[in-house]
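Trainee: Structure here, sequence nowhere to be found:
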């Protein structure tokens with residue numbers, strides 16, 4: 001088997017394709033959540049705390065010199081990233097929780113197959129339901 005054929009077989013497996021789709025959708029979902037946090041949630045939160053914009057929060061480690069820019073510790077951007085992560089985690093939790101509830105409901109509603117065997121009243125061995133005599137202890141079964 002050539003290396004190209006082997007790679008093609010690997011790349012077309014269901015798990016690899018599912019993972020690729022999940023990563024792409026996850027990246028797009030991350031952009032949506034970042035926009036939600038940065039453009040929708042943070043402005044009102046900043047307004048509630050006195051007009052503060054978290055992304056502008058920073059500690060100046062070294063002032064700017066004429067050719068060199070200032071060295072900043074941008075902890076406000078880190079706060080925004082934590083809020084992004086928290087929102088993504090809550091959204092994923094809600095999605096997975098909903099999927100688990102639906103799956104449990106489907107499992108509960110699934111038809112239970114009719115039993116194909118019963119226990120012999122004498123020896124307690126499993127025998128076919130239609131049996132008239134136990135194949136283990138040879139006792140005659142009553143209806």
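Mentor: Okay, I see it. Values in this document were obtained by computation on a predicted structure and should not be read as measured data.
Trainee: Could you use CA atoms for every contact and neighbour count after this?
Mentor: Will do.
Trainee: which helix of this protein spans the most residues?
Mentor: helix 75-109 (DSSP state H).
Trainee: So what are the sheet partners of whatever helix or strand comes next after that helix and their directions?
Mentor: Per DSSP states H and E, the first helix or strand lying C-terminal to helix 75-109 is strand 117-119. Using DSSP bridges, the strands paired with strand 117-119 are strand 126-128 (antiparallel).
Trainee: average pLDDT across the partner strand?
Mentor: Mean per-residue pLDDT for strand 126-128: 92.
Trainee: now stretch 89-104
Mentor: Per-residue pLDDT over stretch 89-104 has a mean of 88.
Trainee: and that stretch, how far out from the chain's middle?
Mentor: For stretch 89-104, the separation from the chain centroid amounts to 8 Å (computed by CA atoms, centre = their mean, to the nearest Å).
Trainee: likewise stretch 78-89?
Mentor: Mean C-alpha position of stretch 78-89 versus that of the full chain (CA atoms, centre = their mean) differs by 17 Å.
Trainee: coming back round to it: other SSEs contacting the longest helix of the chain?
Mentor: Applying 3 or more CA pairs under 8 Å, 6 or more residues apart in numbering; DSSP states H and E, one finds that helix 75-109 contacts helix 14-35.
Trainee: Centre-most residue in the chain?
Mentor: Central residue of the chain (CA atoms, centre = their mean): residue 96, 5.3 Å from the mean position.
Trainee: Look up how far residue 26 lies from the nearest residue to residue 83 once chain neighbours are set aside.
Mentor: Of all residues not flanking residue 83 in the chain, residue 37 sits nearest, at 7.2 Å (CA to CA, 6 or more residues apart in numbering). Distance of residue 37 to residue 26, computed by CA to CA, to the nearest Å: 16 Å.
Trainee: next one: residue 127
Mentor: Remark: distance between residue 127 and residue 26 (CA to CA) = 53 Å.
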